[in-house]
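Peer 1: Quick check, what structure comes out for this input:
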Amino acid sequence: MADSYYATGRRKTSVARVWIKPGSGKIVINKQPINDYFRRQTLELIVRQPLEHIGQLENFDVMATVCGGGWSGQAGAVKMGIARCLVSADERNKKKLREGGFLTRDSRQVERKKYGQKKARKRFQFSKR
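Peer 2: Predicted coordinates:
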C-alpha cells in the first residue's frame with residue numbers, strides 16, 4: 001500500500017485534483033475544512049458518498065484542490081476523484097463503486113445560447129401573420 005493516491009474528477013466545468021492517504025477521515029478542500037468550503041450539508045454528503053459506500057469514511061484523509069464551475073459541480077468532481085483514488089488504493093473497491101455509479105463521468109454540460117434567440121432552448125413566439 002502506497003503512502004498516498006492521486007486521481008482527477010470532473011463534473012460540468014469543474015475539475016478536482018484529489019489525494020487520499022490513510023488517516024482519520026479528515027477532508028480538506030482548497031486548504032479549508034469541508035464544512036467551511038461547502039456551506040451546504042447536502043454538498044458535504046455528496047463528497048462523502050464514495051467513502052461511506054465502501055465503509056472507509058474513518059480510514060482515509062482526503063486533500064483536494066478544485067476549480068471551475070459552481071458548488072454542485074465542484075462537489076461532484078471531488079466525489080468522482082475520491083472514487084477513482086479508492087480504486088487505485090485497492091482494486092477490490094472497483095466493483096462496489098462501479099455498481100454505486102461513482103466511477104461514471106457525468107458528461108452533461110450546459111447547452112449554449114443560440115444567436116437570435118432568448119436562451120438555449122427558449123424561442124420567440126412564431127406568428128404566421
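
Peer 1: switch to C-alpha atoms for all contacts and neighbour counts from now on
Peer 2: OK.

Peer 1: got the contact list for K21?
Peer 2: D3, S4, Y5, F60, D61, V62 (Cα atoms under 8 Å, 6 or more residues apart in numbering).

Peer 1: Tell me the bridge partners for it.
Peer 2: Counting by DSSP bridges, K21 forms beta bridges with D61.

Peer 1: Give me the pLDDT value at it.
Peer 2: On pLDDT, K21 comes in at 95.

Peer 1: Relative to A7, how far out is it?
Peer 2: 12 Å (Cα to Cα, to the nearest Å).

Peer 1: which one of the contacts of K21 has the most neighbours?
Peer 2: Neighbour counts for the contacts of K21 (other Cα atoms under 10 Å) peak at V62, which has 25 neighbours.

Peer 1: show me where pLDDT drops low in the protein?
Peer 2: 1 (pLDDT under 70).

Peer 1: just checking, what packs against the longest helix belonging to it?
Peer 2: Counting residues, the longest helix in the chain under DSSP state H turns out to be helix 71-89. For helix 71-89, the packing partners by 3 or more Cα pairs under 8 Å, 6 or more residues apart in numbering; DSSP states H and E come out as strand 5-11, strand 14-22, helix 41-53, strand 60-67, helix 93-100.
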